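> below are the sequence and a predicted model for it; my questions follow.
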2 protein chains.
Amino acid sequence: MNARLSLVPATPVRTAEPDPGRNPLVRKLRSLVNLNAADVAALEEISLPPRLLGPRVDLIRSEEGSGDAVMLLEGFACRYKQRQAGQRQIMAYLLPGDLCDVDASYLGRMDHAVGTLASSVVVRIPRQALADLVSRHPNIAQALRMARLFEEATTREWVVNLGCRSAMERMAHLFCELLTRFQMVGMAEGDSCPLPLTQADLGDTLGLSNVHVNRTLQELRRQGLVELRGKSLRLLKVRRLQEIGEFNPAYLQPVDGAKGHAAVGLVSGLA
Amino acid sequence: MNARLSLVPATPVRTAEPDPGRNPLVRKLRSLVNLNAADVAALEEISLPPRLLGPRVDLIRSEEGSGDAVMLLEGFACRYKQRQAGQRQIMAYLLPGDLCDVDASYLGRMDHAVGTLASSVVVRIPRQALADLVSRHPNIAQALRMARLFEEATTREWVVNLGCRSAMERMAHLFCELLTRFQMVGMAEGDSCPLPLTQADLGDTLGLSNVHVNRTLQELRRQGLVELRGKSLRLLKVRRLQEIGEFNPAYLQPVDGAKGHAAVGLVSGLA
DNA sequence: AACCGATTATAACATGCGTTAAATCCGTAT
DNA sequence: ATACGGATTTAACGCATGTTATAATCGGTT
């Protein structure tokens, strides 16, 4: 299960490299607001040593109580909930650059779990460091607020997906969303992006049985819309898939390129 | 459609009454944290004159750009999204005391609409007033942050509902959630609460056709679990309904009664 | 190279829910 | 009262998706 864990006992991943785009958190926040050199430098400094986790490892339960945030550096994780009978529903994907806010755990018992789907590298960000960062770097504070708004919008979009789209439409929508999100952190290559999930994982995401996930996938392949080999997803006809899933990336990114202005007026205290 | 709008052209609803529990926002925030007299007084002062809206009236589009928040004083509203073919998916309910954060509209085009389902009374809260309130009253700031966390948790719970529960389970869960939320603002009477929705509205909420909503409702009635007459819902066997829907109110409220302590450590700047 | 468990793929069958349609009920206005 | 339109109810039928089962394939390990 976590076979890969032993391969890399504590290999430190270089975080504070001079080249500007390695850190996925930096890349993500840069897709939301304009960051200056000081902002970027500060972001690269806050991370504690990275830790490698195998697939299917819970990463919230363990941090619970520390109050620190967790950032996904590499890999693929999710928020999920397990029903009594065993069914799992995935409620959100965490991609590299995504922060897992631990605020929720203060509301008493955490209402859901967070775990890896593929083997992943995570870093803890001490709560105090994050608070300092936010108070000294308004751009970063702004970007984090926006990231949160987009995350909320994404969850709402998943409600729509589950509530009133067919299997094919759901899957097309999900794939479009994934490609866009990977593009935002510079991890897409053309129309391809990583997809280190099993069909069962997709089923738990889309509210479908794994058999039907397979059927739907076959149909998408047959129509020449997607290619899914190994752990890589390729969207052969992006436009067509966007039509099928009624995908509009506006809920993931600022419109056009007006990053700087877009969110000046956010009610900072309320957010 | 909006026939009732004309009935009450501009009837002002009394907001700042001396009796402590009239304002649903106060009641709601009090269910989250302990508020002192100054906090309550401040909350009662911020509202602009209330406006009456008929059912099925959008209330975001009109406020767009003003940046002010909107609070529902009476009635029933929702966040929703309309698909091209016409299907509507409701993503959240707004009950009395709920604030509709307008932050999202700053991310460019609003990604969803907010509208009334029943005729409602709303008040605008100027952005500046809200910012002042939050900076001068830490308890209120705390409560608003918690309210937001609970709102996020609620959306996640809806994802679970749509993703992996049957029609009966979904409806049982929704009804339990509604009762609890109305209890939090003091609008439930025993095991009864308002439900001014049509079966079509319920269908757009639960991802079911209106025919199947009806079937499911009949079955719940036949089993003596609920009573739904006029615009009032009554849960005859709350415990049983909670079992069916696997409902656990922990995602709506602080656990037990530890309101004051629960959230002291929230990363204020991040939230 | 050969093995193993996990994943993917297919088939056959079952069913929960959607669709269409028509009847009844109910609140509101005439 | 009466009439009207929207909401609820019920029935008949179809389909998308679930379920169960089994085979084929793949990726990683020895």
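Received the coordinates, thanks. Numbering: from 1, shown residues only, chains lettered A, B, ... in the order given.

> for the rest of this, base every contact and every neighbour count on C-alpha atoms.
Fine.

> quick one: A:Ala250 from DNA strand C, how far?
Distance, A:Ala250 to DNA strand C, using C-alpha to the nearest atom of the strand, to the nearest Å: 27 Å.

> tally of neighbours for that residue?
By other C-alpha atoms under 10 Å in any protein chain shown, 16 other residues sit near A:Ala250.

> list the contacts of stretch A:38-46.
A:15-16, A:23, A:25-26, A:125-126, A:129-130, A:133, A:137, A:139-140 (C-alpha atoms under 8 Å, 6 or more residues apart in numbering or on different chains).

> so for it, mean pLDDT?
What stretch A:38-46 shows for mean pLDDT is 93.

> stretch A:248-255 close to chain B?
Yes - Stretch A:248-255 comes into contact with chain B (C-alpha under 8 Å from any C-alpha of the partner chain), by way of A:Ala250, A:Tyr251, A:Gln253, A:Pro254, A:Val255.

> report the separation between the nearest residue to the first one once chain neighbours are set aside and DNA strand D.
I take that to be A:Ala250. Nearest-residue entry for A:Ala250: B:Asp111, 7.0 Å, with adjacent residues in sequence omitted and distances by C-alpha to C-alpha, 6 or more residues apart in numbering or on different chains. Per C-alpha to the nearest atom of the strand, B:Asp111 is found 24 Å from DNA strand D.

> likewise A:Ala69?
Noted for A:Ala69: a distance of 30 Å to DNA strand D, by C-alpha to the nearest atom of the strand.

> and the closest residue to that residue other than its chain neighbours, how many neighbours?
In space, not counting the residues next to it along the chain, A:Ala69 is nearest to A:Ile125; the distance is 5.1 Å by C-alpha to C-alpha, 6+ apart. A:Ile125 is flanked by 19 other residues according to other C-alpha under 10 Å.

> residues contacting A:Ile125?
A:Ile125 neighbours (C-alpha under 8 Å, 6+ apart): A:Ile46, A:Ser47, A:Leu48, A:Asp68, A:Ala69, A:Val70, A:Met71.

> one more time with 6 Å
By C-alpha atoms under 6 Å, 6 or more residues apart in numbering or on different chains, the residues touching A:Ile125 are A:Ser47, A:Asp68, A:Ala69, A:Val70.

> so what's A:Met71 up against?
Residues counted as contacts of A:Met71 (C-alpha under 6 Å, 6+ apart) are A:Asp98, A:Leu99, A:Val122, A:Val123.

> any chance of the residues you listed in a markdown table, with secondary structure, distance to DNA strand C and neighbour count too?
Conversion of those to a markdown table gives the following (DSSP: H, G, I helix; E, B strand; the rest coil; distance: C-alpha to the nearest atom of the strand, whole Å; neighbours: other C-alpha atoms under 10 Å in any protein chain shown):
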| residue | secondary structure | distance to DNA strand C | neighbour count |
| --- | --- | --- | --- |
| A:Asp98 | coil | 24 | 23 |
| A:Leu99 | strand | 25 | 21 |
| A:Val122 | strand | 21 | 24 |
| A:Val123 | strand | 25 | 20 |
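
> for the stretch 151-271 of chain A, which segments count as strands?
Secondary structure of the stretch 151-271 of chain A (DSSP state E, counting those that start in this stretch): strands located at A:192-194, A:226-229, A:232-235.

> one step back: among the contacts of A:Met71, give me the pair with the biggest separation.
Maximum pairwise distance among those (C-alpha to C-alpha): 10.9 Å, between A:Asp98 and A:Val123.

> run through chain A and note the low-pLDDT ranges.
In the predicted model of chain A, residues A:1-21, A:62-66, A:102-109, A:256-271 satisfy pLDDT under 70.

> before we move on, back to that, so for DNA strand C, which of the strands of the stretch 151-271 of chain A sits nearest?
Closest to DNA strand C of the strands of the stretch 151-271 of chain A, according to C-alpha to the nearest atom of the strand: strand A:226-229, at 8.1 Å.

> may I see the buried residues of that closest one?
For strand A:226-229, the buried set under the neighbour-count rule, 16 or more other C-alpha atoms under 10 Å in any protein chain shown, comprises A:Val226, A:Glu227, A:Leu228.

> and of the strands of the stretch 151-271 of chain A, who's closest to DNA strand D?
The stretch from these with the least distance to DNA strand D (C-alpha to the nearest atom of the strand) is strand A:226-229; that distance is 7.0 Å.

> contact partners of that closest one?
The contact list for strand A:226-229, computed with C-alpha under 6 Å, 6+ apart, reads A:Leu220, A:Leu233, A:Arg234, A:Leu235, A:Leu236.

> the longest helix in chain A is where?
helix A:138-164 (DSSP state H).

> could you measure from A:Leu133 over to A:Arg215?
With distances defined as C-alpha to C-alpha, to the nearest Å, the gap from A:Leu133 to A:Arg215 amounts to 48 Å.

> now A:Leu252
Separation of A:Leu252 from A:Arg215 (C-alpha to C-alpha) stands at 28 Å.

> more neighbours, the two?
The residue with the greater number of neighbours, taking A:Leu252 and A:Arg215 and applying other C-alpha under 10 Å, is A:Leu252; the counts read 22 against 14.

> quick check, the more buried one in contact with A:Leu149.
No - if you go by C-alpha atoms under 6 Å, A:Leu252 and A:Leu149 don't touch, sitting 9.1 Å apart.

> please enumerate the helices of the stretch 51-200 of chain A.
With DSSP state H, counting those that start in this stretch as the criterion, the stretch 51-200 of chain A has helices at A:127-136, A:138-164, A:167-184, A:199-206.

> would TSV of the ones you listed with distance to DNA strand C be doable?
Formatted as TSV, those follow (distance: least, C-alpha to the nearest atom of the strand, whole Å):
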stretch	distance to DNA strand C
helix A:127-136	34
helix A:138-164	8
helix A:167-184	12
helix A:199-206	4
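
> CSV please, covering those and showing distance to DNA strand D and mean neighbour count.
As requested, these are arranged in CSV below (distance: least, C-alpha to the nearest atom of the strand, whole Å; neighbours: other C-alpha atoms under 10 Å in any protein chain shown):
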stretch, distance to DNA strand D, mean neighbour count
helix A:127-136, 35, 16
helix A:138-164, 9, 22
helix A:167-184, 4, 22
helix A:199-206, 8, 21
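
> nearest to B:Gln84, of the ones you listed?
Nearest to B:Gln84 among those is helix A:138-164 (11.6 Å), distances taken as C-alpha to C-alpha.

> how far off centre is the closest one?
Averaging C-alpha coordinates over helix A:138-164 and over its chain gives two centres that are 11 Å apart (C-alpha atoms, centre = their mean, to the nearest Å).

> near chain B, anything from that helix?
Yes - shown here: helix A:138-164 in contact with chain B (C-alpha under 6 Å from any C-alpha of the partner chain) through A:Val159, A:Val160, A:Leu162, A:Gly163, A:Cys164.

> nearest residue to the last one other than its sequence neighbours?
Spelled out, that is A:Cys164. With C-alpha to C-alpha, 6+ apart as the measure, B:Gly207 is the residue that lies nearest to A:Cys164, at 5.8 Å, once sequence neighbours are left out.

> so the one you found versus A:Thr155, what's the distance?
Per C-alpha to C-alpha, B:Gly207 is found 16 Å from A:Thr155.
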